[in-house]
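Q: Sequence first, predicted coordinates after that:
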Amino acid sequence: MEYMDTAPTSPPDEEPRWLDDAEQRTWLAYLHATTLLEDHLDRQLQRDAGMPHIYYGLLVQLSVAPRRRLRMTELARNTKITRSRLSHAIARLEKNGWVRREDCPSDKRGQFAILTDDGYEVLRRTAPGHVSAVRQALFDRLSAEQQKWGGGGVVEDQRGAGCEPHGQGRPASG
């Protein structure tokens, strides 16, 4: 995807450093757990607000931005989705009246995505159920030590691992 650093991690003529059996089990367990978590959150948000998790994330990004607005390119970068996928998502959110677009006065090609009052209200109503779903699916299952390790180890260790978006780091979101 356009936001990922695609530099190879080893020269192309070197044999890959394959995962051993234990690493492969850990990797597959991680993939399975993240798929289950994303599915759980998607179902909760579809049920409570009629939107997928990715749309909720877009609304959260806009809600914490100054004046509840971001340039479309910045929103795509922050949420790690392609501009094409973002454009489609924003069109759906516009149809619901939750977001509107505005041309950028300093750049004829640029646009802002702006969270409307209706969008903010949907986010405000949906957030308690979403937080509850996140707690139930993730935090209630982890000890304090596991939470500390996951937040401080896994997430922060992604920097420099080819997983960082181009440009600045992404702001915190809910």
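A: Thanks, I have the structure now. Bear in mind that the values here come from a model prediction, so they are computed numbers and not experimental data.
Q: so how far is the least confident helix or strand in the chain by mean pLDDT from its chain's centroid?
A: Ranking every helix and strand in the chain by mean pLDDT, DSSP states H and E puts helix 144-149 at the bottom, with a mean of 80. Here helix 144-149 is found 21 Å from its chain centre; the criterion is CA atoms, centre = their mean, to the nearest Å.
Q: Same check on stretch 126-140?
A: For stretch 126-140, the distance to the chain centre is 16 Å (CA atoms, centre = their mean).
Q: Could you number the chain from 891 rather than 1 from now on?
A: Let's use 891 as the start, then, which means that last one is stretch 1016-1030.
Q: and it, which residues are buried?
A: 1016-1017, 1020, 1023-1024, 1027 (16 or more other CB atoms under 10 Å). (C-beta placed from N, C-alpha, C; glycine too.)
Q: can you check stretch 939-954 too?
A: 939, 941-953.
Q: what about Arg991, which SS state?
A: Under DSSP: H, G, I helix; E, B strand; the rest coil, the three-state class of Arg991 is strand.
Q: Measure how buried it is and give me the count.
A: Applying other CB atoms under 10 Å, we find 15 residues neighbouring Arg991.
Q: ok, now Arg973?
A: Neighbour tally, Arg973, other CB under 10 Å: 14.
Q: ok, it touching Met962?
A: Yes: between Arg973 and Met962 there is a contact under CB atoms under 8 Å: 6.9 Å.
Q: which helix in this protein runs the most residues?
A: Secondary structure of the chain per DSSP state H: the longest helix is helix 911-939.
Q: rewinding a little: which of the buried residues of stretch 1016-1030 lies closest to Leu909?
A: Nearest to Leu909 among the buried residues of stretch 1016-1030: Ala1027, at 26.3 Å, using CB to CB.
Q: From Thr972, how far off is that closest one?
A: 27 Å (CB to CB, to the nearest Å).
Q: Could you do Leu1028 as well?
A: 27 Å.
Q: thinking again about what came up before, so of the buried residues of stretch 1016-1030, which ones are in helices?
A: 1016-1017, 1020, 1023-1024, 1027.
Q: so where is the protein shaky, pLDDT-wise?
A: 891-901, 1040-1064 (pLDDT under 70).
Q: let's see 50
A: 891-894, 1042-1063 (pLDDT under 50).
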